[in-house]
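Student: Sequence and predicted structure, then a few things I'm wondering about:
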Amino acid sequence: MPLSAREVRWRFRRFRILVVGRANAGKTTLLQKVCNTTEKPEIFDGKGKKIDVDVVKSSVDVCTRAL
């Protein structure tokens, strides 16, 4: 019998997802919709070091101005 969404969230409190794509392609938006949240995700580089959100924010600003 398949688990309900509530049961899955209770059993697996944390998980990791790798989403690959071009800058400003909607990767974060996709994750926010799937996870039903508006929280900003933690971003890590290829070596596992957490990236400062302000560094990433500059590319978001460019996308917003382009719209």
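Tutor: Okay, I see it.

Student: count of residues packed around the closest residue to Thr28 other than its chain neighbours?
Tutor: Of all residues not flanking Thr28 in the chain, Pro41 sits nearest, at 6.3 Å (C-beta to C-beta, 6 or more residues apart in numbering). Glycine gets a C-beta too; all of them are placed from N, C-alpha and C. Neighbourhood size, Pro41 [other C-beta atoms under 10 Å]: 14.

Student: mind checking pLDDT for Pro41?
Tutor: Looking at Pro41, its pLDDT is 76.

Student: show me where this protein has helices.
Tutor: 5-11, 27-35, 53-66 (DSSP state H).

Student: which one of those helices has the lowest average pLDDT?
Tutor: Among the helices of the chain, helix 53-66 scores lowest, at a mean of 57.

Student: Please report how far Thr29 lies from Lys40.
Tutor: Distance of Thr29 to Lys40, given as C-beta to C-beta, to the nearest Å: 11 Å.

Student: just Leu18 next, same as before
Tutor: Using C-beta to C-beta, we find Leu18 at a distance of 17 Å from Lys40.

Student: Who has more neighbours out of the two?
Tutor: Lys40 (11 against 5).

Student: Without its sequence neighbours, what residue ends up closest to that one?
Tutor: Spatial nearest neighbour of Lys40, chain neighbours left out: Val53 (6.6 Å); criterion: C-beta to C-beta, 6+ apart.

Student: right, and the one you found touches Ile43 too?
Tutor: Yes - between Val53 and Ile43 there is a contact under C-beta atoms under 8 Å: 7.2 Å.
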